[in-house]
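1. Quick one, structure for this:
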Amino acid sequence: MEGPILAEFSSLNALSQRGPPAAGPSGSRTERSDRGDWARSLPPASGSRTERIDRSRVTDDVPGQHERLLRGESTYTANEHFIDDQPQVPHYGMSHALPKASTAEERERLLRRLEMCARAREESTKIMSVQFAQRDAKKNEMRRERQGYVDKLATTQRDREERWSRKLQRSPFAVDLVAENQRIDEENRVRDHVEQRRHRLMSKRNREAHNLIFKRATAEADELEQLRMEKRLLLENEKQLKALRDVERSNARTAQILQERRRQQQLRQQQLQQAGSDAVNTPRMATTPRRFSIGAASTE
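-> Predicted structure coming up:
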């Protein structure tokens, strides 16, 4: 904010170094031209009574404001609506900006120039504030109009759709052919699935019946084979029993024969012993006793 003002101060310092210009009772020609340009650039006088009273108060307090500006105790604008971010640096007043050799007339002229600049900025700020308020009001109004138009358009569209839906309620074109086709495909798929399941069940039952018949046939064949095997076992057992019986008979016959031979041998031995004892008792018998041998007895 203070950059342009300091630039103006530097230009004024350059002018003051060249020497003060000749001034009449109403100021120099340059000052009068500046005032004329500033007056032409100002907007037409407008505002309420309160603003005019505030302006008169500011005009009445001009000397004190000038002194505060020279001492650096006040800013260059008195507008309450003006927002100025003051940096955290030491404040510099007119006493620091003006050269030491400046006259009271130059100070007064610079103060008037600064006052006019401050008033111009104040007017600009007020104008911009009014324009911003008008713009916000216009934007809100346009937003409300837009919302009303959108609501009206939606209501009209909804009414139109309801009206045409009532008109076309019984129309044959209202049928969803894609959905109908999907429904028919679904029914066919379900019917095919049921048919395939029934065929699988029938084939399973036929296979089970065939397996049962085959198992029964194989079971009967196994029974016949088992009966044949049992018969063969019985025949073999009979043969074995017959052979055992024959063996027992032969063994019994052999035992009987052996027993008879033993008995005969015992008799012969007894006879021999008897004959021996008789020979001992009878000395020198005339006849020689007959000798028997086991081999001869066995041969007999």
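
2. quick one: R166 and R158, what's the gap?
-> 13 Å (Cβ to Cβ, to the nearest Å). All C-beta atoms are positioned from the backbone trio N, CA, C, and that covers glycine.

3. same thing with N237?
-> Taking Cβ to Cβ, one finds N237 at 106 Å from R158.

4. One more: E187?
-> 37 Å.

5. Check L241 too.
-> Separation of L241 from R158 (Cβ to Cβ): 112 Å.

6. which SSE is A137 in?
-> Using DSSP states H and E, A137 sits in helix 104-167.

7. and that helix, what's its mean pLDDT?
-> Helix 104-167 shows a mean pLDDT of 92.

8. name the helices or strands packed onto that helix?
-> Contact here means 3 or more Cβ pairs under 8 Å, 6 or more residues apart in numbering; DSSP states H and E; on that basis helix 104-167 packs against helix 2-18, helix 29-41, helix 62-71, helix 94-97.

9. need the next SSE after it, C-terminal direction.
-> Per DSSP H and E, the first helix or strand lying C-terminal to helix 104-167 is helix 177-281.

10. pLDDT on that next one, on average?
-> Mean predicted confidence for helix 177-281 is 87.

11. residues near R112, how many?
-> Residues lying near R112 (other Cβ atoms under 10 Å) number 16.

12. oh sorry, the question was meant for E122
-> By other Cβ under 10 Å, 19 other residues sit near E122.

13. Please apply the same query to the one 3 residues further on.
-> Counted by other Cβ under 10 Å, the residues lying close to T125 total 16.

14. Look up how far Q131 lies from it.
-> Distance from T125 to Q131, by Cβ to Cβ: 11 Å.

15. Please apply the same query to A179.
-> Distance from A179 to Q131, by Cβ to Cβ: 60 Å.

16. what does V280 give?
-> V280 is 188 Å from Q131, where distance means Cβ to Cβ.

17. same check, this time on E105
-> When E105 is compared with Q131 (using Cβ to Cβ), they lie 39 Å apart.

18. Of the two, which one has the most company?
-> E105 (13 against 10).

19. got the domain boundaries for the protein?
-> 2-144, 187-256 (automatic domain parsing).

20. Need phi/psi at L168.
-> L168 adopts backbone torsions of phi -100, psi 20, taken as degrees, to the nearest 10.

21. ok, it - contacts?
-> A174 (Cβ atoms under 8 Å, 6 or more residues apart in numbering).

22. Could you do L258 as well?
-> Residues in contact with L258 (Cβ under 8 Å, 6+ apart): none are found.

23. again, but for V247
-> Under the criterion of Cβ under 8 Å, 6+ apart, the contact list for V247 is empty.

24. any idea how far it is from R253?
-> Distance of V247 to R253, computed by Cβ to Cβ: 11 Å.
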